[in-house]
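Colleague: Below: sequence and its predicted model.
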Amino acid sequence: MHRIHAKISVAACAVALIAAIPRTAPADLVTFNGVALNQQVKIHSAVRTQRVKAGQLRIACQGADHLAYCVDLTQYAGSGEVTETPITTLHNGDLVGWLYETRASAVADSLDAVALQVAIWELLYESDDNAFDMTSGAFYVTQSDNAADAAQTLLDAAPASYAPAGTTIALLSDSKQDVMIPEPTALVLLSAGAIWAALRRRQK
């Protein structure tokens, strides 16, 4: 009985310590492990125009594996040092957060993945004086009508404003592609909660 209480106390202390970590985190290392669900599309923008694989990226950060999405067209995916940054610091970051927080968990196939990725790029790279349109403007895609249509459906549902939950972050790099993931700290908190719940069940 005392051991169970001790374990619960340790878990509670861990949660308290994690919660006390400042929001501006030091640099972390990210390992790029290739791509997951994706499709090829041709992207057109002021910073990059070429045929690319768009969709999920496999990365590891802080000891956990993630399915990430790119938020940077100027660099290529790879391993390296990154800095955690709130998603709201990006252009249209509140809507990027909305898109990720409401759609990422529903991605079931490569069309879902490419649609989410190119919709994220549209939010990030479209100029403020243009409507979100996957077929024209400062950013658009060609050579995949299905991807463009699916992404447009996502964008058409965008709210006028949104306050991200705060659990989505951008991992920014000076030399590699920036990506977005659920905040590792939030994942650790969820894991600690699961441990606490399991200990409670054992106690009963």
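Modeller: Looks like it arrived, so ask away. The structure displayed is predicted, hence computed values, not measured ones.
Colleague: Averaged over its residues, which helix or strand of this structure has the lowest pLDDT?
Modeller: One helix or strand of the chain scores below all others by mean pLDDT, DSSP states H and E: helix 2-19, with a mean of 37.
Colleague: can you give me the helices for this structure?
Modeller: 2-19, 93-103, 110-125, 145-156, 184-203 (DSSP state H).
Colleague: Show me what the top strand by length along the chain is packed up against.
Modeller: Scanning the chain for the strand with the most residues, using DSSP state E, yields strand 27-44. Helices and strands touching strand 27-44, by 3 or more C-beta pairs under 8 Å, 6 or more residues apart in numbering; DSSP states H and E, are strand 50-61, strand 80-86, helix 110-125, strand 140-142, helix 145-156. C-beta coordinates here come from the backbone N, C-alpha and C atoms, glycine included.
Colleague: Name every sheet partner of that strand and say whether each one runs parallel or antiparallel.
Modeller: Here strand 27-44 is paired, per DSSP bridges, with strand 50-61 (antiparallel), strand 80-86 (antiparallel), strand 140-142 (antiparallel).
Colleague: What ranges in this structure fall below the confidence cut-off?
Modeller: 1-26, 184-204 (pLDDT under 70).
Colleague: Quick one: neighbours of residue 175, just the number.
Modeller: 10 (other C-beta atoms under 10 Å).
Colleague: now residue 53
Modeller: Using other C-beta under 10 Å, the number of residues around residue 53 comes to 16.
Colleague: Would you enumerate the residues in contact with it?
Modeller: If a contact means C-beta atoms under 8 Å, 6 or more residues apart in numbering, then residue 53 has 35, 38, 39, 40 as its contacts.
Colleague: between these, which is closest to residue 182?
Modeller: residue 35 (18.6 Å; C-beta to C-beta).
Colleague: Relative to residue 69, how far out is that closest one?
Modeller: Between residue 35 and residue 69 the computed distance is 11 Å (C-beta to C-beta, to the nearest Å).
Colleague: which of the two has more neighbours?
Modeller: Using other C-beta under 10 Å, the more surrounded residue of residue 35 and residue 69 is residue 69, with 23 against 15.
Colleague: And the more buried one, how far from residue 179?
Modeller: With the distance defined as C-beta to C-beta, residue 69 ends up 6 Å from residue 179.
Colleague: Now list whatever residues contact both of these two.
Modeller: Joint contacts of residue 69 and residue 179 (C-beta under 8 Å, 6+ apart) are residue 57.
Colleague: was I right about residue 70 contacting residue 176?
Modeller: No. In this structure, residue 70 is not within contact of residue 176 by C-beta atoms under 8 Å, at 10.5 Å.
Colleague: which neighbours do these two share?
Modeller: Residues touching both residue 70 and residue 176 by C-beta under 8 Å, 6+ apart: residue 77.
Colleague: Compare those two and say which is more crowded by neighbours.
Modeller: Shown here are residue 70 and residue 176; by other C-beta under 10 Å, residue 70 has more neighbours (22 against 19).
Colleague: Compute the number of surrounding residues for the closest residue to residue 95 other than its chain neighbours.
Modeller: Distances taken as C-beta to C-beta, 6 or more residues apart in numbering place residue 123 nearest to residue 95, at 5.1 Å, with adjacent residues excluded. Counted with other C-beta under 10 Å, the neighbours of residue 123 add up to 25.
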